[in-house]
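Undergrad: For reference, the sequence and a predicted model appear below.
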Protein chains: 4
Amino acid sequence: MVRAAVMPAPGEPIQVRDFETPELEPGGALLETYYSEVCGTDVHLHEGRLAGVPYPIVPGHLSVGRIVESNGQLTDVEGRTIAVGTDVTFLDVHETCNRCWHCLVAKATTRCPSRRVYGVTYSAEDGLLGGWAEQIYLKPGVQIVPLPEGVTPRLAIAGGCALPTAMHAIERAEIRLGDSVLVQGAGPVGLTVAALALLSGAGRVWVIDRHQSRLETAETLGIDEAIAIDDHQPANHVERLLELSAGRGADITIEATGSPAAIPEGIAMTRDGGRYAIVGHYTDAGEISLNPHLDINRKHLEIRGVWGSELRHLYRGIGVLARHGATLGGVGGWEQLISRTYSLYQTEQALDDVRHGRVVKAVIDPKIRDPST
Amino acid sequence: MVRAAVMPAPGEPIQVRDFETPELEPGGALLETYYSEVCGTDVHLHEGRLAGVPYPIVPGHLSVGRIVESNGQLTDVEGRTIAVGTDVTFLDVHETCNRCWHCLVAKATTRCPSRRVYGVTYSAEDGLLGGWAEQIYLKPGVQIVPLPEGVTPRLAIAGGCALPTAMHAIERAEIRLGDSVLVQGAGPVGLTVAALALLSGAGRVWVIDRHQSRLETAETLGIDEAIAIDDHQPANHVERLLELSAGRGADITIEATGSPAAIPEGIAMTRDGGRYAIVGHYTDAGEISLNPHLDINRKHLEIRGVWGSELRHLYRGIGVLARHGATLGGVGGWEQLISRTYSLYQTEQALDDVRHGRVVKAVIDPKIRDPST
Amino acid sequence: MVRAAVMPAPGEPIQVRDFETPELEPGGALLETYYSEVCGTDVHLHEGRLAGVPYPIVPGHLSVGRIVESNGQLTDVEGRTIAVGTDVTFLDVHETCNRCWHCLVAKATTRCPSRRVYGVTYSAEDGLLGGWAEQIYLKPGVQIVPLPEGVTPRLAIAGGCALPTAMHAIERAEIRLGDSVLVQGAGPVGLTVAALALLSGAGRVWVIDRHQSRLETAETLGIDEAIAIDDHQPANHVERLLELSAGRGADITIEATGSPAAIPEGIAMTRDGGRYAIVGHYTDAGEISLNPHLDINRKHLEIRGVWGSELRHLYRGIGVLARHGATLGGVGGWEQLISRTYSLYQTEQALDDVRHGRVVKAVIDPKIRDPST
Amino acid sequence: MVRAAVMPAPGEPIQVRDFETPELEPGGALLETYYSEVCGTDVHLHEGRLAGVPYPIVPGHLSVGRIVESNGQLTDVEGRTIAVGTDVTFLDVHETCNRCWHCLVAKATTRCPSRRVYGVTYSAEDGLLGGWAEQIYLKPGVQIVPLPEGVTPRLAIAGGCALPTAMHAIERAEIRLGDSVLVQGAGPVGLTVAALALLSGAGRVWVIDRHQSRLETAETLGIDEAIAIDDHQPANHVERLLELSAGRGADITIEATGSPAAIPEGIAMTRDGGRYAIVGHYTDAGEISLNPHLDINRKHLEIRGVWGSELRHLYRGIGVLARHGATLGGVGGWEQLISRTYSLYQTEQALDDVRHGRVVKAVIDPKIRDPST
């Protein structure tokens, strides 16, 4: 039997249930989970803010584990065999079809209608298709990425789902050597974006957030200045940013807050002719008010939405961890982004901690025993 | 003496005044005006909706005329001498400095703080620096474009200021062969954008407007469908567009309305992963409400503001007229965009006609005599 | 039984053989061939100039036909069902894997090592996998494109394999409204590139070739000037091109000759800071000599190879035919590019005519009866 | 009187001459030289390999000094006043016209025909317009860059003319986070390119050179592997590179050797669909032989020449020095690239050392007294 934490429906308590060990289709594999995580999307899933989710589900979309069984030979993107016993992660996005107009004509696979996501769009009744479980069933065709030398399972989960998301945001933001970059939000995505902006040659990197502890983490990354939002002086951080950027604003701003209010502010802090990437709005948090003349047309601004990620973002992201994971993120390396590790029985607590910003990254370790037994 | 129409202040009646024939600085030249025009910006100037305008002004930013005098040799961008007697137009934008951060580091000259614009940012007290006049003083450094073979003064003014603006919008929209293109608005800029989209290889071009007469003009351009806005059925045109575009929306949408309400609609009519260019908001017409999750992030949308124009837009635009001006725009060629020609004494009427959409393009001919004399 | 023309080995005579009617795998389909073609690649196949070809083969990579049978439901890229009886074409490129580094990380599927091509990389022993046959077996996964309204089978084969190749070249050349474009070579690819350059908004289009008849065809497309190569005055065409382009050369040059000598010449006819796309070298025709200082570095030139094509090139190309096929290519529309139609028994003649440039496009019609019976 | 080293003509000995202190035109300024340099271009000037050089000249194009006098107010690109006494460098490129087709239509100012370069295109008879002099005359319009905090004159000259050149090469190479980058050549430009590639987020950086000492310097930059060319085993470095890059070659290769033979090799070491930038061929060093089918077309390769530099390259390059100059380049920071400092009387020796690759960077310090006095 395999133990997993199940989200039965929005608002209902998480349940730990036992599942049958799955039988493997040809091309399928079984992963023994080292770590999964609790991210903002999981909070939104628990709040019922995503449409079309087939509850009950086993949450956990980005996970790390060890291949314990396979039905047929597995290979990675380089064509190398993945042996049983290998430590791996995998792309949570599955089943983009490579047949439809979005995949083939527009070449925008993140908008493929067949797209399925582990831990989000699969029902618990379909099996172990989420990471909050002792084992994960890798369906045939799941893109598996072996951890390269220097990337431990713990470092890989420190990257987590924020890593491919941030890789995509960075790709879309097109940072060039010397650009000044403002990152709005110092949660896992914002911090990862800031770290990757530094690695991409940004001339200066600033991070804005409301939480002092997150700003302190941001500073350990080596950014130029962490700017606090003072709710009593709501214009202060905008003024400070303009002061730091010759009155013009940042060359590139990347939004990673999920808060609608951040967007008009972010535009105001971006220079004329600059670029504004929006990656933090994975769920509907309401409307914003913009002035198309002042905020877009006259500003000659470019705004880019960033949706989903593809294998190359995960694959290259793991490569970044292999090269920089031990040094970036300051003294403790990238692993210091992990605030706390939870068992399958503590996922409610983890959801609550993420919801209230008490942790940066909440990791699930399914091997931690039930404290009650 | 040189006769010119002067806008003394917002809301005040236009006055016809006499000016001294200007003395030419070294490098300066004098243009006898064939035509100037009355565009939406002139209406906004008269309504006092632009900041920092040094009233009184001689309006008219895009004009066509004949060089009648020069102090020193004039050359065009190809290095060819421009003789006295040549028919020319010129870039209304003057004095971008080629010294500042915007010009040299960001390479965004349309945001250069030294930028001056004929007919907008010069006072009538500084001289004949607008097109509603029998003569125009070309300051040293003004970029003059001789009319090539096949481009009559009347064809050049049919292009008018909409032409470089639309060239810039098309450049920024990056249309590729086969893209479907939606144009919102069938005023001079929208019609020109539609015509240039067809020339750029768009697979289908649709135009949306409220005015039936403008839609009829759009249809003469050879577009695929002109879609009417029915105020009693405000969702109809959106539904029609989606029907025409496999339910996905256009690959590229270009806004040329100046109406804030057009923007959320335009986004709704653009496909996931598509591009949305905003060129119609040259003045502040108010705010819009957007949903950053649905409208930008999940849609993986790209939004691009388009501000001002540079010499290459005018220069290449005149080249487009030379090649296609006689055929595009249907039976009458591009000149059919000219709805009516006005004298210097009829500019109030012209402003009123443009304001109420009674004309597509209103042309000023300063040689038309005062009807009262 | 199904009749097909087989190329047994390089240099050996083509044989007409009978094949069993294939049995269809799930997802497979059978096409009754209207037309296939003989292109330069077929000549090279017959000369043994491609490596790794599994002779004997049934040549013919781009073909048009009618679905006569399917094993399971077929759908197109828009998700629409393709009924038996539909007229279609299909992408000759098959089996790019969507699993490898080239497909997923570099996103360069034309370099996928699993790529197979109908009429080139399949053996006749594997079945009816080429177009010189009364029927073609469409393997499961082959991307089928139904012919839209206005595209007859004859118009589709007039586009032929040159169409997706030229669409790719145009995409890679990034023509913008007003660019001057030089096309080297007036064979099927060169002529199609010239036509698509005109449709893409090129300001001027010039074509250079050695054969007078091809230049005449080029002129019917509406290009600006067809320039002849005079072997007795080998500098003449270069001088003429420079004369036409203000001494600077074309903004963009696209090579479609297959002749190495064309490349240094083409670079000499491209302006500083311009772009040079090479699409004509699908087989090894020898070396060229270049001067990296004069030809590339000081010239700030950009050179782009163009290899293969993907579904979007074929799909959008068929869309171009639907819109412009009847008018472009002058009086006869695009179909005038078809010089002659051959039966399966005349493919030797067709190969010879293509080899010696006696025809622009040589079409195979397998329904033409054996003249001897 | 001002002392300067003059190159009278190709092949003739350098002479130290005395010049009158220049009188300043309005807008002009006088620089007391801290440092200038001897680069490969100076060697080529001495060998007479550049066309149109108005010998005698005062060489030295990139220089650092202190403003000692100005005729009128000087400002930098940010609009800030540059006071007398400020330490500065300046863009050696002068007088791009901002009027011609290249400047305004193509937006390729490095190909402006009016372009003049300090130390290269000015004659000594025109005054102190090169850096091998105690003082340099800054003509009106010269773009002056004050040294920011943290950039000493010595660090600025350690960047030298290689810095803007390499910034331009990096811009043109479009490195994205995780790309593998091969740099051919470990002279000043190659080493700077390698350092900037690391800063731009390259996933791996390899450098190839013939000289062991240069490879050792490359290794101090933190690159992944310095690969030696072994003339007795001329295929070794190519094999090694392919081994390091999964048999595919580098994503991006940047040539900085000036040796024609490097180019076919560099292409062979670049992956299919990759990018190859050529920045090392500032003078004509002969022809290369390429196979357009194998090397460009089938490879779907992109080749980009990189000519000259603009203010933004120098300006942003100085910003990179301010941020990373003290740490990059290993223990000694960027200054360790300076191999030796020479007086005005030792420029022959410096030229000889550069010619034979005995030094990486040769700096001129005009304040070093004549050893004979």
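TA: Arrived safely, thanks for sending.
Undergrad: switch to C-alpha atoms for all contacts and neighbour counts from now on
TA: Will do.
Undergrad: Show me the strands in the stretch 1-150 of chain A, by range?
TA: A:2-6, A:15-19, A:29-38, A:64-70, A:74-75, A:81-82, A:87-90, A:93-94, A:116-117, A:135-138, A:144-146 (DSSP state E, counting those that start in this stretch).
Undergrad: What's the local residue count around the residue in the stretch 1-150 of chain A positioned nearest to chain D?
TA: Closest approach of the stretch 1-150 of chain A to chain D (Cα to the nearest Cα) occurs at A:Glu78, with a separation of 8.3 Å. A:Glu78: 13 surrounding residues under other Cα atoms under 10 Å in any protein chain shown.
Undergrad: do the same with A:Glu149
TA: 9.
Undergrad: ok, now A:Pro56?
TA: 17.
Undergrad: Quick check, pLDDT for it.
TA: Looking at A:Pro56, its pLDDT stands at 98.
Undergrad: contacting residues for the residue most central in space within chain A?
TA: Centroid-nearest residue in chain A: A:Ala162, 2.3 Å away (criterion: Cα atoms, centre = their mean). With contacts taken as Cα atoms under 8 Å, 6 or more residues apart in numbering or on different chains, A:Ala162 has the following neighbours: A:188-189, A:192.
Undergrad: For those, which single residue is the most surrounded?
TA: A:Val189 leads the contacts of A:Ala162 on contacts (other Cα under 10 Å) with 31 neighbours.
Undergrad: circling back: which one of the strands of the stretch 1-150 of chain A has the poorest average confidence?
TA: strand A:93-94 has the lowest average pLDDT among these, namely a mean of 92.
Undergrad: is that one anywhere near chain C?
TA: No: using Cα under 8 Å from any Cα of the partner chain, strand A:93-94 never reaches chain C; the gap is at least 12.2 Å.
Undergrad: Closest residue of the stretch 101-250 of chain A to chain C?
TA: Relative to chain C, the nearest point of the stretch 101-250 of chain A is A:Val105 (4.6 Å; Cα to the nearest Cα).
Undergrad: so how many other residues sit close to that residue?
TA: 20.
Undergrad: Quick one: the helices in chain A, in order.
TA: A:40-46, A:101-104, A:153-159, A:162-173, A:188-199, A:212-220, A:236-244, A:262-268, A:311-324, A:347-355 (DSSP state H).
Undergrad: Chain B contacts on the stretch 51-200 of chain A?
TA: A:106, A:108, A:111.
Undergrad: Which of these sits closest to C:Gln346?
TA: Of all those, A:Ala106 has the smallest distance to C:Gln346: 40.5 Å, by Cα to Cα.
Undergrad: phi, psi of that closest one?
TA: phi -80, psi -20 (degrees, to the nearest 10).
Undergrad: Name the nearest residue to the residue of the stretch 101-250 of chain A closest to chain C, ignoring sequence neighbours.
TA: Among residues not flanking A:Val105 along the chain, C:Arg312 sits closest, at 4.6 Å (Cα to Cα, 6 or more residues apart in numbering or on different chains).
Undergrad: How about the contacts made by that neighbour?
TA: The contact partners of C:Arg312, taken as Cα under 8 Å, 6+ apart, are A:104-106.
Undergrad: and what of A:Ile136?
TA: A:30-33, A:128-130.
Undergrad: Pick out whichever of those sits closest to D:Pro148.
TA: Nearest to D:Pro148 among the contacts of A:Ile136, with distances taken as Cα to Cα, is A:Thr33, at 51.4 Å.
Undergrad: Tell me how many other residues surround A:Asp370.
TA: By other Cα under 10 Å, neighbour count at A:Asp370 equals 11.
Undergrad: before we move on, back to that, per-residue confidence at the residue of the stretch 101-250 of chain A closest to chain C?
TA: Looking at A:Val105, the pLDDT reads 94.
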